[in-house]
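Novice: missing the sequence, but the structure's below:
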């Protein structure tokens, strides 16, 4: 079994899910007392969020590259960045280490293509929905058409992530708002929807959606287990 490296803390609420999902899947596949070999470096999300708000992607890239180096030095054999948004600085991470980065958009895109979808809705932070680092990878690498919510809905989705989900708060009223946004994405032609922020799975499950959902935290965690057991 290879050792999985995790960069967590963005937020720790979803990083907790990574640890749970990875270990549950290793136990499911191997049985008995098996658990995952893993190393985690957990950053202070307040620092990273400040860089995000300031648009200082250089500073955030440096911080996460440093975390990746710590993982490699601790014996990790891959980097699993436990966040969608901070894949904005994936290049800084891969340049800093000799071990592979398991890109969250890749495991998601592969599953979407496997299931035969082409037009996909995307929910996430404002950075993930509006900037190209995530959408363009899905377009270029997997040939997907990516549909994002309208501006006012993007504002709501982003606010709920930072003001509620990252603080461990899941409100029924916010779930209903998300369900309405997903329905609008369906009406705009989306065949399925990516839950493109690792916290959204704390609020939305398949039973809440009129479209098939692609839960990136779960898919990423399972991809890390695939790597570890390959």
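Specialist: Perfect, thanks for sending it. Source: prediction; values computed, not measured.
Novice: who's in contact with the most centrally placed residue in the chain?
Specialist: Nearest residue to the geometric centre of the chain (CA atoms, centre = their mean): residue 84, 3.5 Å. Shown in contact with residue 84 (CB atoms under 8 Å, 6 or more residues apart in numbering): 104, 105, 124, 125, 128, 134, 196, 197, 198, 216. To be clear about C-beta, it is placed using only N, CA and C from the backbone, and glycine gets the same treatment.
Novice: Ranking by neighbours, what's the top pick from these?
Specialist: residue 198 (32 neighbours; other CB atoms under 10 Å).
Novice: still on that earlier bit, any chance of the contacts of residue 84 in a markdown table, plus distance to residue 209 and pLDDT?
Specialist: Shown next, in a markdown table, are the contacts of residue 84 (distance: CB to CB, whole Å; pLDDT from 0 to 100):
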| residue | distance to residue 209 | pLDDT |
| --- | --- | --- |
| 104 | 19 | 98 |
| 105 | 20 | 98 |
| 124 | 15 | 98 |
| 125 | 19 | 98 |
| 128 | 18 | 98 |
| 134 | 20 | 96 |
| 196 | 13 | 97 |
| 197 | 15 | 96 |
| 198 | 17 | 95 |
| 216 | 14 | 98 |
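Novice: can those go into a markdown table with extra columns for secondary structure?
Specialist: Listed next are the contacts of residue 84 as a markdown table, based on DSSP: H, G, I helix; E, B strand; the rest coil:
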| residue | secondary structure |
| --- | --- |
| 104 | helix |
| 105 | helix |
| 124 | coil |
| 125 | coil |
| 128 | helix |
| 134 | helix |
| 196 | coil |
| 197 | coil |
| 198 | coil |
| 216 | helix |
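Novice: Out of those, which two are the most distant from each other?
Specialist: 105 and 125 (13.9 Å; CB to CB).
Novice: elements contacting the strand or helix carrying residue 70?
Specialist: Element membership of residue 70 [criterion: DSSP states H and E] is helix 57-73. Packing partners of helix 57-73 (3 or more CB pairs under 8 Å, 6 or more residues apart in numbering; DSSP states H and E): strand 4-8, strand 38-42, helix 45-54, strand 79-81, helix 90-96.
Novice: how about TSV for the ones you listed, with distance to residue 229, mean neighbour count and mean pLDDT added?
Specialist: Converted to TSV, the helices and strands packed on helix 57-73 look like this (distance: least, CB to CB, whole Å; neighbours: other CB atoms under 10 Å; pLDDT from 0 to 100):
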stretch	distance to residue 229	mean neighbour count	mean pLDDT
strand 4-8	10	26	98
strand 38-42	13	18	98
helix 45-54	30	15	96
strand 79-81	14	26	98
helix 90-96	23	17	98
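Novice: quick one, helices of the protein?
Specialist: Along the chain, the stretches classed as helices by DSSP state H are 12-30, 45-54, 57-73, 90-96, 104-114, 126-130, 132-142, 151-163, 172-187, 216-229.
Novice: Output those as a markdown table; include the columns distance to residue 80.
Specialist: A markdown table is the format used below for the helices of the chain (distance: least, CB to CB, whole Å):
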| stretch | distance to residue 80 |
| --- | --- |
| helix 12-30 | 7 |
| helix 45-54 | 16 |
| helix 57-73 | 9 |
| helix 90-96 | 11 |
| helix 104-114 | 8 |
| helix 126-130 | 17 |
| helix 132-142 | 16 |
| helix 151-163 | 20 |
| helix 172-187 | 25 |
| helix 216-229 | 5 |
